[in-house]
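> How does the following fold in three dimensions:
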Amino acid sequence: MLRIQFNIEQIEISVKLAHNFDIVIIGGGILGTSISYFMSFLNKSKNIAVIEQAPDVAFHTSGRNTGKVHAPYLYNPEKKKLFARAAFHGYDMWEEYAKLHNLPFKKDGVIEVALDKKGTTVLEKYLKWGKQNGLDDKDIEIIDKFEMKKREPEIKCEAALYVHRDGSADYSVFTKHIMKDSKSEGTKFLIDTRVTGIKKENDMWKITLNGEHEVFAKFLINAAGGEAVDIAHNAGVAKNFTDVHFRGEYWKAPEEYRNLTKTSVYSVPEFPDYPFLDPHWIIRVDGSCEIGPNAVPVFSPYGYNKIENIKEFIPKMLEMLGSGARKAILDKQFQELAINEIRSSMSKSTMIERVKRFLPRIEADKITQKGTAGIRSSVIDEDGKFVPDVIFVDGDASFHVLNYNSPGATGALPISAHIVNHLIKTGMVASKNSNDQCGIWKFSKIIEKIEK
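Reported below is the predicted structural model:
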C-alpha cells in the first residue's frame, strides 16, 4: 500500500508563496518597511508583500548603526535639499512615534569637534547649512575650546559645533513596530525569504524565492540596501552603477567611561569625498558607550566574517575591475585610506587612537569587548566617483532606491512618503485619496513639509 505523508507546514508555506501581488517590496530594512507602512494605508487593494531574506526586519544595516537621529547640519541645502528636509522632519516624526508607542528615544544632542583651524572653517559651514535647513539658534551653536572645557571637561578641541536638536534611538525596535502597523493594514511580510531570481513575464514580475517558490507582482519596489544594485541590474536598470561594501566596526567602552561625556562626539571628516569615517564617541539610547565605526572594505553586503569575504572575493573583484569602480580602487589615495581602515580593524589601539585625539583620557587597554558590526554599501558611477546622494531610478513597472545611506534611518519615514507620493503622482501605483490618514500622520501634511 502506498503511503503519502503531508507536511502541513510546507504546504502552507507553498500556498502562501504561490501568490500574485500588486506590489512587492524587496528589502525589510527601515526604508522598505516604512514604504510598506504608507503603501498599506494608501494602496487601494492593499495586496502588498515585503520580502526580507534575514530572520527579521532591520537585521542588517538598519539595526547595526550608531542609532543617532541626525540633525541636518551636514547636508548642503542646495545639493541635498530633500535629504536635509527628511532629516529635519524625520526627527519630529520618530519622536512622535516613540512617544505614542513608548519606544526608546532620547534628545541628547551631538558635538562635532574641530582639531585645527581648517576644521573650524568646516564647522562654520555646517552652522550655516544647519540654519538654512531649519535649525535655529537654540538648536545649534559654535563654541570655542575654552567654553567646551567648561561644558565637557574631557573633550580636547580647537572649536566645536554643539547640536542640541539631535537624538538617540533604537532603529531596530522602530522598524519592528512599523512592520506591526503595516501588517495590521494588510501587508504580508515574507521573512527569512531570499530573492534568487527576477524576470519580467507576461507584464508581471516573476520573483523566485529561495530557489524554488515563485510569486508574481504587477509592480516592484527595490529597497534592498546592500543588494539593491544587483537587483536593479537583474531588472535591467542602473547598469552604469557599481556598489562597494564597507564594514563598520565598534568597540564597547567599559562602565567607568559611561559618564565621560554627556553626549556623543564626532570629528570633522578629513576626506569627505570618500566613504571613510573617523570613528566617533557614541552614547547609545540606553546610556552605553561605544567607539566606531571605521569603514573596512569587504566583498559582500554580508561580509561580517572571513568565510563570506573569501567566497565573494573573486566575483566582486571581477565585477569592480569591469566597471567604473576600477578607477576608484586603483586610486592611490583610496588605497591608502583603505589600508588605514584595514589597520584599524586589525589593531584595536589604531582605532582607539583616532578617538583619543579629542578624548585623551580613553585607554585602549581598558576597552576589550567588540560591538556589533554593520555594513554600508556605497555606489560608484561609471567615472569611478563615489555618488554622494541617494539614487532613485524609475524602471519598467519598478522603482529602485540605490545608495540610501546616512541619514537614511533618520529620514526613512518622510523619504518613504515622498517615494509613495512619486509613485502615485506618476500613476505607477493606484491609490485612494492621498489625504488619507496614515496612522498618526496625515499623508498630505508630510508631503507638504518635505516637498515644499
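
> SS state for Ile342?
helix (DSSP: H, G, I helix; E, B strand; the rest coil).

> what's the closest non-adjacent residue to it?
Counting by CB to CB, 6 or more residues apart in numbering, Ile342 lies nearest to Val296, which is 5.9 Å off, once chain neighbours are set aside. Where you see a C-beta, it was placed from the backbone N, CA and C, and this is true even at glycine.

> again with Ala98
Phe105 (3.5 Å).

> Equivalent analysis for Asn47, please.
Using CB to CB, 6+ apart, the closest residue to Asn47 is Asp22 (4.3 Å).

> Look up phi and psi at the one you found.
Backbone dihedrals for Asp22, given as degrees, to the nearest 10, come out at phi -70, psi -40.

> For it, give me its contacts.
Asp22 is in contact with Asn43, Ser45, Asn47, Ile48, Ala217, Lys218, Phe219, Val429, Ala430, counting by CB atoms under 8 Å, 6 or more residues apart in numbering.

> Hmm, Asn20 and Val215 touching each other?
Yes - under the criterion of CB atoms under 8 Å, Val215 makes contact with Asn20 at 7.3 Å.

> More neighbours: which of those two?
Comparing Val215 with Asn20 by neighbour count (other CB atoms under 10 Å), the higher total belongs to Val215, at 23 against 12.

> okay, the more buried one: pLDDT?
According to the prediction, Val215 has pLDDT 95.

> list the contacts for the closest residue to Lys370 other than its chain neighbours?
Computed as CB to CB, 6+ apart, the closest residue to Lys370 that is not its neighbour in sequence is Trp251, at 6.0 Å. Neighbour list for Trp251: Glu290, Ile291, Gly292, Lys348, Met351, Ile352, Ile367, Gln369, Lys370, Gly371 [criterion: CB under 8 Å, 6+ apart].

> which residues in the stretch 1-150 of the chain form helices?
According to DSSP state H, counting those that start in this stretch, the stretch 1-150 of the chain carries its helices in the segments 8-17, 30-42, 81-101, 117-132, 145-151.

> can you put the contacts of Asp22 in CSV and add neighbour count and distance to Glu341?
Converted to CSV, the contacts of Asp22 look like this (neighbours: other CB atoms under 10 Å; distance: CB to CB, whole Å):
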residue, neighbour count, distance to Glu341
Asn43, 24, 43
Ser45, 12, 47
Asn47, 17, 45
Ile48, 25, 39
Ala217, 25, 39
Lys218, 18, 43
Phe219, 21, 39
Val429, 22, 41
Ala430, 15, 46
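
> hmm, which two among the residues you listed are most spread apart?
Ala217 and Ala430 (13.9 Å; CB to CB).

> Export the helix or strand Ala328 falls within to PDB, keeping only CA atoms.
Assessed by DSSP states H and E, Ala328 sits inside helix 325-329. Output of helix 325-329 as PDB, limited to C-alpha atoms (Å, rounded to 0.1, in the frame of the first residue of the first chain):
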ATOM      1  CA  ALA A 325      34.800  51.000  -9.700                       C
ATOM      2  CA  ARG A 326      38.100  50.100 -11.300                       C
ATOM      3  CA  LYS A 327      39.200  53.700 -11.300                       C
ATOM      4  CA  ALA A 328      38.300  54.100  -7.700                       C
ATOM      5  CA  ILE A 329      40.000  51.000  -6.300                       C
END
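
> List the contacts of that helix.
Contacts of helix 325-329 (CB under 8 Å, 6+ apart): Thr242, Val244, Glu319, Met320, Leu321, Phe334, Gln335, Ile380, Asp383, Gly384, Lys385, Phe386.

> 6 Å - rerun?
Residues from elsewhere that reach helix 325-329 (CB atoms under 6 Å, 6 or more residues apart in numbering): Thr242, Met320, Phe334, Ile380, Gly384.

> and the closest residue in space to the third one that isn't next to it in sequence, how many neighbours?
Of all residues not flanking Phe334 in the chain, Ala328 sits nearest, at 5.7 Å (CB to CB, 6+ apart). The tally of other residues near Ala328 (other CB under 10 Å) stands at 21.

> helix/strand/coil for Gly197?
At Gly197 the chain is in strand, as set by three-state DSSP.

> surely it meets Thr208?
Yes - if you go by CB atoms under 6 Å, Gly197 and Thr208 touch, sitting 3.4 Å apart.

> Those two - which one has more neighbours?
Neighbour tally, Gly197 and Thr208, criterion other CB under 10 Å: the higher count belongs to Thr208, 15 against 11.

> Quick check: the more buried one vs Gly322, distance?
25 Å (CB to CB, to the nearest Å).

> returning to what we had before: strands - which of the contacts of helix 325-329 land there?
Thr242, Ile380 (DSSP state E).

> Show me the two of the contacts of helix 325-329 that sit farthest apart.
Farthest apart among those - using CB to CB - are Thr242 and Phe334, which lie 13.9 Å from each other.

> who has more neighbours, these two?
Comparing Thr242 with Phe334 by other CB under 10 Å, the one with more neighbours is Thr242, at 24 against 21.
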